[in-house]
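Asks: just a sequence and a predicted model for now, questions to come.
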Amino acid sequence: MKALRVILGDQLSRRISALAGLAPGDTVLMAEVMGECTYVPHHPKKIILVLSAMRHFCAALQARGVAVRYVRLDDPGNAQSLGGEVLRAVRAEKPDCIIATAPGEYRVRQDMLGWAEMSGVVTEIREDGRFLASTAWFADWAEGKSALRMEFFYREMRKRHSLLMNGDKPLGGKWNFDAENRRKLPKTVTPPKPKRFPADEVTREVMALVARRFAHHYGSAEGFDLPVTARDAAAGFADFLQNRLSGFGDWQDAMAAGEPALFHSLVSAPLNLGLLDPLELCRAAEAAYRAGNAPLNAVEGFVRQILGWREFVRGIYWLHMPDYARKNALGASRTLPEFYWTGETDMRCMAEAIGQTMRHAYAHHIQRLMITGNFALLAGLHPDAVDEWYLAVYADAYEWVEMPNTRGMALHADGGIVGSKPYAASGAYINRMSDFCAGCHYDVSDSAGERSCPFNALYWDFIARHSARFETNPRMAMPVRAWRRFAPAKQKALRARAAGLLQRLDEGGKL
Ligand code: FAD
Ligand code: DLZ
Ligand code: SF4
């Protein structure tokens, strides 16, 4: 039996299921195609990352003697779609079967399900074993539950994988140290600079290709320095363990101007490509705690993100697709303001988050959630447009992880599937967690004046618009009651300020 084994651009793991049982005579297919480079206008750094990592992975397979049919973007005859390249490969290689690993996006899965009929060759789609909760296990766990909450899923996962456990009890006597992870960054603390990986010859060739073909996409390709091999990704993670993990807990939610990474790990891009293994990351963090090199609040916080949130959102995605992609529980309809693509806004927090996203194809979680996501929520931006933006601009973005975070966690468009309440916040939160407001054109302590912080009036307008929905939500009833207690004149001023801001957005003006 001669097999054509298909490896997608985010399946670059030695132990990917599509390669299990690889036999002499089999061919591995990897294809750079315009379809995948343009289904959203990906940040050039994301395209460089994926294509360069694909080329390095191919070279590593070839060095082991594996036959790889590698199609470059500029190769003559490139069909420029995954299905088209599978068909060309079937015609050229005449395999008896196709073997692939289930993809990370619903749209690719639908395409893959048609490969057998299209090519006339039996196609086996294998489970993606790189995740710690299979889609079937997640569906079983979800069965019969009226609401799915990450916290309970996470506890189950800790027990199943014996991570940070003391027998059947959580290490340190608590499952969750989140309350200790909300400190603002003091002026006296300078976060260590993360290790960077200068482009090698392969990457430089891809950079030239991307400059030729995708220069018009949002974001800068300049200074590309992300890891593109498993070895470099491991070195980047080792740097995090040594220099940043101990501060990860305390300053997990902090934001600071000019400091994109702070104490974050930066593992999402290589992890989602398959260059790192999630369980190995969690075990290494636990070992750092047990060796006395990092405090428990940091290690538990890190493990919760990977073992908890990452696996949970993937489970939610596959449980609810394709309906999830159409959810718009709050009826949001506004178009995405131009400044999401240019960074040109007087709101300093937004300019910081968007500007660094343009430069690095990265922003940490709180910037994604509480700055750009929070603004999109409060301003009622349409989830389709917001989803497209997040999927395009971050180097780590694939729909399985991007969509539940954006549509669910940030926009509450799923009506509460991912989180029990929207993460809506006024300028006071941003001021508490960052140093942005001090240098801003707007005044964070003002809510309705001409220079008042837009987040303030938009926050109260959001609460007012959705008060009927949220008055029965135990975690939202308090702001609804507070809004209702405001004097009518104050309510009127806040809503007038919000209406003015929203009108400016609708007219294509900047804020
Ligand atoms: P760290 O803060 O160091 O966290 C460690 C790891 O935990 C991350 O690398 C990631 O793998 C995992 N993790 C943390 N939070 C989450 C989460 N909420 N969901 C899933 N995994 C998580 N993450 C992506 O990988 N791809 C996306 O496209 C993506 N889109 C997002 C969109 C929005 C609106 C929001 C609010 C969050 C999004 N996230 C996404 C989650 C999170 O913001 C990123 O994983 C994180 O910022 C990556 O940086 P880091 O590796 O330094 O993470
Ligand atoms: C993101 C991406 C890009 C930019 N290019 C390619 C490509 O040329 N070939 C490929 O196989 N994969 C690419 N990818 C990753 C795919 O989009 C990803 O595998 C699917 O979205 C499923 O998660
Ligand atoms: Fe952002 Fe408002 Fe602070 Fe300006 S004042 S940085 S707009 S929160």
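Replies: That came through fine. Ligands and ions are numbered 1, 2, ... in the order given.

Asks: just the closest residue of the stretch 251-400 of the chain to ligand 2, please.
Replies: Per CB to the nearest ligand atom, residue 398 is where the stretch 251-400 of the chain lies closest to ligand 2, at 4.4 Å. No exception for glycine: its C-beta is placed from N, CA and C like everyone else's.

Asks: skip the chain neighbours and tell me the closest residue to that residue.
Replies: Once flanking residues are discounted, residue 398 sits nearest to residue 104: 4.5 Å by CB to CB, 6 or more residues apart in numbering.

Asks: do the helix or strand harbouring residue 5 and ligand 2 meet?
Replies: Assigned by DSSP states H and E, residue 5 belongs to strand 3-6. No - using CB under 6 Å from any ligand atom, strand 3-6 stays clear of ligand 2, with a minimum separation of 8.3 Å.

Asks: who touches that strand?
Replies: Defining contact as CB atoms under 8 Å, 6 or more residues apart in numbering, one finds that strand 3-6 is touched by 18-19, 22-23, 26-30, 82, 86, 89-90, 93, 95-100, 121.

Asks: run the last query once more with 6 Å
Replies: 18, 26-29, 89, 93, 95, 97-100 (CB atoms under 6 Å, 6 or more residues apart in numbering).

Asks: likewise stretch 155-162?
Replies: The contact list for stretch 155-162 (CB under 6 Å, 6+ apart) reads 175, 307.

Asks: residue 317: neighbour count?
Replies: By other CB atoms under 10 Å, the residues close to residue 317 number 27.

Asks: surely it touches residue 402?
Replies: No - Residue 317 lies out of contact with residue 402 (CB atoms under 6 Å); the separation is 9.1 Å.

Asks: what strands flank the strand holding residue 5, and is each parallel or antiparallel?
Replies: Strand 3-6 has its sheet partners listed here by DSSP bridges as strand 27-31 (parallel), strand 97-101 (parallel).

Asks: nearest spatial neighbour of whichever residue of the stretch 1-150 of the chain sits closest to ligand 1, chain-adjacent residues omitted?
Replies: Across the stretch 1-150 of the chain, the shortest distance to ligand 1 (CB to the nearest ligand atom) belongs to residue 150, at 8.9 Å. Distances taken as CB to CB, 6+ apart place residue 312 nearest to residue 150, at 4.6 Å, with adjacent residues excluded.

Asks: report pLDDT for the residue of the stretch 251-400 of the chain closest to ligand 2.
Replies: Note on residue 398: pLDDT of 98.

Asks: ok, now residue 189?
Replies: 86.

Asks: what's around it, how many residues?
Replies: 15.

Asks: state the phi and psi torsions of it.
Replies: Residue 189 adopts backbone torsions of phi -100, psi 120, taken as degrees, to the nearest 10.

Asks: what about it, distance to residue 244?
Replies: With the distance defined as CB to CB, to the nearest Å, residue 189 ends up 12 Å from residue 244.

Asks: who in the stretch 301-450 of the chain is up against ligand 3?
Replies: So far as CB under 6 Å from any ligand atom goes, the stretch 301-450 of the chain lies against ligand 3 at 347-349, 427, 430-431, 436-437, 440, 442, 444.

Asks: tell me the mean pLDDT over whichever strand or helix holds residue 284?
Replies: Using DSSP H and E, residue 284 sits within helix 278-290. On average, the pLDDT along helix 278-290 is 97.

Asks: likewise for stretch 372-388?
Replies: For stretch 372-388, the mean per-residue pLDDT is 98.

Asks: that one and ligand 2, are they touching?
Replies: No - Stretch 372-388 does not reach ligand 2 (CB under 6 Å from any ligand atom); its nearest approach is 13.7 Å.

Asks: repeat that for stretch 196-208.
Replies: No - contact of stretch 196-208 with ligand 2 (CB under 6 Å from any ligand atom) is absent, the minimum separation being 10.8 Å.

Asks: buried stuff in that stretch?
Replies: 197, 199, 202-203, 206-207 (16 or more other CB atoms under 10 Å).

Asks: what's the closest of the residues you listed to ligand 1?
Replies: residue 197 (15.0 Å).

Asks: looking at this, the closest one is in a strand?
Replies: No - when classified by DSSP: H, G, I helix; E, B strand; the rest coil, residue 197 is found to be coil rather than part of a strand.

Asks: and it, its phi and psi?
Replies: Per degrees, to the nearest 10, the backbone of residue 197 is at phi -130, psi 100.

Asks: same deal with residue 69?
Replies: According to degrees, to the nearest 10, residue 69 has phi -90, psi 100.

Asks: ok, now residue 165?
Replies: According to degrees, to the nearest 10, residue 165 has phi -110, psi 150.

Asks: from ligand 1, how far out is it?
Replies: As judged by CB to the nearest ligand atom, to the nearest Å, residue 165 and ligand 1 stand 20 Å apart.

Asks: three-state assignment of the closest residue to residue 230 other than its chain neighbours?
Replies: In this structure, residue 230 finds its nearest non-sequential neighbour in residue 275, 4.7 Å apart by CB to CB, 6+ apart. Classification of residue 275 using three-state DSSP returns coil.

Asks: pretty sure residue 275 sits against residue 233.
Replies: Yes - contact between residue 275 and residue 233 holds when scored by CB under 6 Å: they sit 4.0 Å apart.

Asks: what about the nearest residue to residue 192 once chain neighbours are set aside, neighbour count?
Replies: Once flanking residues are discounted, residue 192 sits nearest to residue 243: 4.3 Å by CB to CB, 6+ apart. Residues near residue 243, counting by other CB under 10 Å, number 15.

Asks: residue 243 touches residue 190, doesn't it?
Replies: No - here residue 243 lies out of contact with residue 190, judged by CB under 6 Å, at a distance of 11.7 Å.

Asks: and the stretch 351-500 of the chain, which residues reach ligand 1?
Replies: So the stretch 351-500 of the chain meets ligand 1 at 364-365, 368-369, 373, 390, 394, 396-397, 401-402, 405-406, 409-410 (CB under 6 Å from any ligand atom).

Asks: list only those of those flagged as buried.
Replies: Buried among those by 16+ other CB under 10 Å: 364-365, 368-369, 373, 390, 394, 396-397, 401-402, 405-406, 409-410.

Asks: take those residues and keep only those in helices.
Replies: Counted as lying in helices by DSSP state H, out of those, are 365, 390, 401-402.

Asks: related to what we said a few turns ago, so which of the buried residues of stretch 196-208 is the closest to ligand 2?
Replies: Lowest distance from ligand 2 to the buried residues of stretch 196-208 (CB to the nearest ligand atom) belongs to residue 206, with 10.8 Å.

Asks: that closest one should be in a helix, yeah?
Replies: Yes - Residue 206 sits within a helix when classified using three-state DSSP.

Asks: surely it meets residue 50?
Replies: No - under the criterion of CB under 6 Å, residue 206 is not in contact with residue 50, lying 9.1 Å apart.

Asks: next, count neighbours for residue 422.
Replies: By other CB under 10 Å, 26 other residues sit near residue 422.

Asks: contacting residues for it?
Replies: For residue 422, the contact set (CB under 6 Å, 6+ apart) comprises 377, 412.

Asks: near ligand 3, which residues of the protein are found?
Replies: Residues of the chain lying close to ligand 3 (CB under 6 Å from any ligand atom) are 347-349, 427, 430-431, 436-437, 440, 442, 444, 453-455.

Asks: can you tell me which of the residues you listed are in helices?
Replies: Short answer: those in helices (DSSP H) are 348-349, 427, 430-431, 454-455.

Asks: tell me the pLDDT at residue 181?
Replies: 74.

Asks: these two touch, right, it and residue 249?
Replies: Yes - contact criterion CB under 6 Å: residue 181 and residue 249 qualify, at 4.8 Å.

Asks: neighbour count for these two, which is higher?
Replies: residue 249 (24 against 19).

Asks: that older thread, please enumerate the shared neighbours of residue 181 and residue 249.
Replies: Joint contacts of residue 181 and residue 249 (CB under 6 Å, 6+ apart) are residue 301.
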